[in-house]
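A.B. asks: Turn this into a structure:
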Amino acid sequence: MDVLISDLHAVFSVLQSGVIPDMSAEELAISISSVVNHSLNTLIQSTPSVTSKDTDLFCLCLTVIGKVIASQSSKSFEQNVKDFYEYVIKRLFADSSLMQELVHFLKYQDRFLFHLTAKCMSSFVIYDININRDSNPVWTAMLVETFKESGPGYKLDTCLWSLTRVIKGILRGHGLSKQDD
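C.D. replies: Predicted coordinates for the structure are as follows:
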């Protein structure tokens, strides 16, 4: 797990600088997917083995995913960098597999993880609407389910925040290059 953390830290640093990491887009997508799968399996087990290191790793992973999406739509990055990150996004969210896994994290009571997951999902939905002119069906179904079944509380609040963020992103029409919270 320490290797995954150091790899993600390195990727995040590279993302900040606006260049392509020293790994292929496929390797980056696989690395991110493995962290999400590891985190989901750890939380599903709901054993005392969930550590702050597991939580930190998942939070870093969500941050990297958000930064990958923001990097793809950044006007300041070169086209080859944008193309690299676009491939990573397509690989991660192909067939909505990552989105479905992220929805599972919304079942846990940790408000910070819930918010960070919703932020990551919203970033992808804005990207998807800007690129494909279509919203993600998994995200839409999650919102509908939450609005139908959830009473007042953090889950409903976070879903409303997510929907508001997506609407703002669409209306502003400039993707995610300006992160607004």
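A.B. asks: Find the centremost residue of the protein, please.
C.D. replies: Centroid check for the chain by C-alpha atoms, centre = their mean gives Cys120 as the closest residue, at 3.1 Å.
A.B. asks: Please identify the helix or strand for that one.
C.D. replies: Cys120 belongs to helix 111-132 when assigned by DSSP states H and E.
A.B. asks: what's the distance between the closest residue in space to His9 that isn't next to it in sequence and Thr164?
C.D. replies: Distance criterion C-beta to C-beta, 6 or more residues apart in numbering; nearest residue to His9, sequence neighbours excluded, is Leu60 at 7.1 Å. C-beta: built from backbone N, CA, C; applies to glycine. Relative to Thr164, Leu60 is positioned 25 Å away (C-beta to C-beta, to the nearest Å).
A.B. asks: out of these two, which sits in the more crowded spot?
C.D. replies: Each of Leu60 and Thr164 has its neighbours counted (other C-beta atoms under 10 Å); Leu60 has more, 17 against 11.
A.B. asks: so the more buried one touches Ala10, yeah?
C.D. replies: No. In this structure, Leu60 is not within contact of Ala10 by C-beta atoms under 8 Å, at 11.1 Å.
A.B. asks: on that earlier part again, quick one: contacts of the next helix or strand after the helix holding Cys120?
C.D. replies: Toward the C-terminus, helix 111-132 is succeeded by helix 137-149 as the next helix or strand (DSSP H and E). By C-beta atoms under 8 Å, 6 or more residues apart in numbering, the list of residues contacting helix 137-149 from outside reads 96, 99-100, 103, 106, 121-122, 124-125, 155-156, 159, 162-163.
A.B. asks: Of the residues you listed, which is the nearest to Leu28?
C.D. replies: Phe124 (15.7 Å; C-beta to C-beta).
A.B. asks: Roughly how far does the closest one sit from Arg133?
C.D. replies: 15 Å.
A.B. asks: okay, the two: which has more neighbours?
C.D. replies: Phe124 (25 against 7).
A.B. asks: where do the strands sit along this structure?
C.D. replies: Along the chain, no segments are classed as strands by DSSP state E.
A.B. asks: quick check: angle from the helix holding Cys120 to helix 137-149?
C.D. replies: Angle of helix 111-132 versus helix 137-149, following axes from the mean of the first three to the mean of the last three C-alpha atoms, to 10 degrees, is 130 degrees.
A.B. asks: So the residue nearest to His9 versus Thr117, what's the distance?
C.D. replies: 13 Å.
A.B. asks: now Gln16
C.D. replies: Using C-beta to C-beta, Gln16 is found at 22 Å from Thr117.
A.B. asks: What of Val166?
C.D. replies: Distance from Val166 to Thr117, counting by C-beta to C-beta: 14 Å.
A.B. asks: for this structure, what are the low-confidence residue spans?
C.D. replies: 1, 43-51, 95-96, 108-109, 174-181 (pLDDT under 70).
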